[in-house]
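Novice: show me how the following folds:
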Amino acid sequence: MNARVSHGPESNSDEIDLFALINSLWLQRWLIAGVMALLAIAAGTYALLATPYYQAQSVLKPTSLKSFDQLNLTGVYKVDRDQVLNRIGISLESYSTRYDFFQKHPELFQALEQPGVAVVQAFERLNKSAFTILKPDVKKADSLSSYVGLSFVYPEGVDGPAVVNGLVAYAVEQERARIAAEVSTLVTNRLNKLQSQIAAARIGYEADKQSKIAKLLEADSVKRANLMDELAGLRQQLKLRRQNRIMQLTEAIMIAEQLNIHKPATPSSMRDLGEQASNNLIRTEVTNQQIPLYFMGTEALGAERKALRARASDDFTDAKVGELEKQLRILRNNREVEALRHRGNDDLFLSKLAKWEEETSYLQELKPELLLLDLVDIDQPAVSPLSPIKPKKLLIVVLGLVLGLMLGVFIALVRSMMTRLKPISLTMLNPLPVEHAGHKLVQQ
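Specialist: I've put the predicted structure just below:
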């Protein structure tokens, strides 16, 4: 009987404890409400007294193609819109760009200065926490265009939009100057190359001209020497022919004197003359159509021999001598060599010089800085925000209420446990006899 009575309360102890817990919390509801109110007031006070922070941001997008068209048409530098936007984003993210802007515009950051904090340390803190680069997420395919942005979180008292817009303009100007310097370097290198090509072409042309003149003169010299040799040989041949003729004439004169032929005669006339002078007959058998030379007679043969011996030159006897002398006279002056030597402006004869000089003139007049007016489009300039991003006053008050509720419930639970432990401790100090205890347990 006692065991059944003792087991009954144990089976309902959870319900009794839960109801007792809820009842205990209800009895201490004003304590919980007080703790909640206290923490809510503390949170509200912090929200009102905390320094508000604002956010300003600017978004840049690629500019139109026409902004880089004229520069790309030069053929010196190729500009890509997305590449320029990416380079400006890298410049905005660069520590050196931000620090240079920080040093050149200290008036924009005076509100961030703190006593005992160096300027470099203040910038380090600002650079790590205040600036954020905005860019599309490469994992998401729903981005319709590329962009680069700069976000700046700043406390009250700082002109955030001026900082953002100034830093963006400074980065764009730095990139414009960097691209202009690259274009100027490429243009200078191209101009140097063109000048080297022009100088080399002129030197090469002069060398070719001198080589051509030398070849022409050498060819004339060789031809002149050949003609002189041919003329000397021809004259020697004519002289030998004349000497042979004189010897033939001398021999014929001797024969004619022996035959007593002083006047030109023929074989038939010699036969008739013999018949008249004597009865002796002279018979000549003619086996050749050409009459022997001695029939010319001593007078004619002697006259011809005398003329041949008195001849000073045999050139007139052969027309080829005159032709050779004509060619030698022509070779005295090479008109092509004279024309090459008397050229007033050799540049007119360089085929590529006009094109190179045209390109040189174009590059010298090129102004890269005037071709880089719009590197990017500012899709969203930074403006003053209407409300701060932190502290979030309502959220802080709600968190204060929640923490107050939790703290109040915890305090109430601790008090309830302390209250329940006191009778148990008194019972342990004044123990009852066993039979009285069992009787009291049955009553309960």
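
Novice: checking my notes, Val153 in a strand, right?
Specialist: Yes: secondary structure of Val153, determined by DSSP: H, G, I helix; E, B strand; the rest coil: located in a strand.

Novice: count residues in the vicinity of it, would you?
Specialist: Using other C-beta atoms under 10 Å, the number of residues around Val153 comes to 19. For glycine as for every other residue, the C-beta is placed from the backbone atoms N, C-alpha and C.

Novice: also the one 4 residues further on?
Specialist: Counted with other C-beta under 10 Å, the neighbours of Gly157 add up to 11.

Novice: wait, doesn't it sit right on Ala111?
Specialist: Yes: between Gly157 and Ala111 a contact is recorded at 3.9 Å, counting by C-beta atoms under 8 Å.

Novice: and the longest helix for this protein?
Specialist: The helix of greatest length in the chain, counted in residues with DSSP state H as the criterion, is given as helix 160-258.

Novice: list the helices and strands it packs on?
Specialist: For helix 160-258, the packing partners by 3 or more C-beta pairs under 8 Å, 6 or more residues apart in numbering; DSSP states H and E come out as strand 53-62, helix 81-93, helix 95-104, strand 148-155, helix 298-310, helix 319-330, helix 335-341, helix 353-364.

Novice: and for Ala256, nearest residue in space, chain neighbours not counted?
Specialist: Closest residue in space to Ala256, ignoring its immediate chain neighbours: Tyr294 at 4.2 Å, by C-beta to C-beta, 6 or more residues apart in numbering.

Novice: that neighbour: how many residues sit nearby?
Specialist: 21.

Novice: how about it, what does it touch?
Specialist: For Tyr294, the residues meeting the contact criterion (C-beta atoms under 8 Å, 6 or more residues apart in numbering) are 252-253, 255-256, 259, 261, 301.

Novice: ok, now how distant is it from Ile255?
Specialist: 4 Å (C-beta to C-beta, to the nearest Å).

Novice: re the thing from before, just put the contacts of Tyr294 in CSV and tack on distance to Ile389, neighbour count and pLDDT.
Specialist: As requested, these are exported to CSV (distance: C-beta to C-beta, whole Å; neighbours: other C-beta atoms under 10 Å; pLDDT from 0 to 100):
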residue, distance to Ile389, neighbour count, pLDDT
Ala252, 141, 23, 91
Ile253, 143, 22, 92
Ile255, 146, 16, 91
Ala256, 146, 26, 89
Leu259, 151, 15, 87
Ile261, 149, 23, 86
Leu301, 141, 26, 89
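
Novice: what's the farthest-apart pair in the residues you listed?
Specialist: Spatial extent of those (C-beta to C-beta) is set by the pair Leu259 and Leu301 at 11.9 Å.

Novice: helix or strand for Ile378, which one?
Specialist: strand 376-380 (DSSP states H and E).

Novice: does Ile133 belong to a helix, a strand or coil?
Specialist: On the three-state scheme (three-state DSSP), Ile133 is labelled strand.

Novice: just give me the neighbour total for it.
Specialist: Number of residues near Ile133 (other C-beta under 10 Å) recorded here: 12.

Novice: Glu299 now?
Specialist: Summarising burial for Glu299: neighbours were counted as other C-beta under 10 Å, giving 14.

Novice: give me the pLDDT for the closest residue to Phe68 other than its chain neighbours.
Specialist: When the adjacent residues along the chain are set aside, Phe68 lies closest to Val79, with 4.1 Å between them (C-beta to C-beta, 6+ apart). As summarised for this prediction, Val79 has a pLDDT of 77.

Novice: which residues sit in contact with Val79?
Specialist: When contacts are counted by C-beta under 8 Å, 6+ apart, Val79 touches 68, 71-72, 179.

Novice: just the buried subset of those residues, written out for ChimeraX, thanks.
Specialist: One line in ChimeraX is enough to select the buried ones among the contacts of Val79; burial here means 16 or more other C-beta atoms under 10 Å:
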select :68,71,179
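
Novice: identify, from the contacts of Val79, the entry nearest to Ala50.
Specialist: The closest of these, once distances to Ala50 are taken by C-beta to C-beta, is Ile179, at 44.6 Å.

Novice: can you tell me the closest non-neighbouring residue to that closest one?
Specialist: Taking C-beta to C-beta, 6+ apart, and ignoring the residues beside it in sequence, Ile179 has Leu372 as its nearest neighbour in space, at 5.9 Å.

Novice: for Val35, same thing?
Specialist: The shortest distance from Val35 to any residue that is not its chain neighbour, by C-beta to C-beta, 6+ apart, is 3.5 Å, and that residue is Gly408.

Novice: count the neighbours of the one you found for me.
Specialist: Burial of Gly408, expressed as a neighbour count using other C-beta under 10 Å, amounts to 23.

Novice: pretty sure it sits against Ala37.
Specialist: No: counting by C-beta under 8 Å, no contact exists between Gly408 and Ala37, whose distance comes to 9.4 Å.

Novice: re the thing from before, got the helices and strands packed on helix 160-258 as CSV, with distance to Leu194 columns?
Specialist: As requested, the helices and strands packed on helix 160-258 are exported to CSV (distance: least, C-beta to C-beta, whole Å):
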stretch, distance to Leu194
strand 53-62, 33
helix 81-93, 27
helix 95-104, 35
strand 148-155, 37
helix 298-310, 75
helix 319-330, 44
helix 335-341, 26
helix 353-364, 5
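
Novice: with Asp377 as the reference, name the closest of these.
Specialist: Distances from Asp377 to each of those were compared using C-beta to C-beta; the shortest belongs to strand 53-62, at 5.0 Å.

Novice: show me what the closest one is packed up against.
Specialist: With contacts defined as 3+ C-beta pairs under 8 Å, 6+ apart, strand 53-62 has these neighbours: helix 81-93, strand 148-155, helix 160-258, strand 376-380.

Novice: pipe those into JSON lines and attach distance to Thr419 per row.
Specialist: Formatted as JSON lines, the entries for the helices and strands packed on strand 53-62 read as follows, by distance: least, C-beta to C-beta, whole Å:
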{"stretch": "helix 81-93", "distance to Thr419": "62"}
{"stretch": "strand 148-155", "distance to Thr419": "49"}
{"stretch": "helix 160-258", "distance to Thr419": "56"}
{"stretch": "strand 376-380", "distance to Thr419": "63"}
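
Novice: what residue ranges in the chain score low on pLDDT?
Specialist: For the chain, the stretches flagged by pLDDT under 70 are 1-16, 67, 116-117, 119, 138-144, 270-289, 369-371, 422-444.

Novice: contacting residues around the spatially most central residue of it?
Specialist: For the chain, the residue lying nearest the average C-alpha position, counting by C-alpha atoms, centre = their mean, turns out to be Tyr77 (5.7 Å). Listed by C-beta under 8 Å, 6+ apart, the contact partners of Tyr77 are 71, 179, 182-183, 186, 368.
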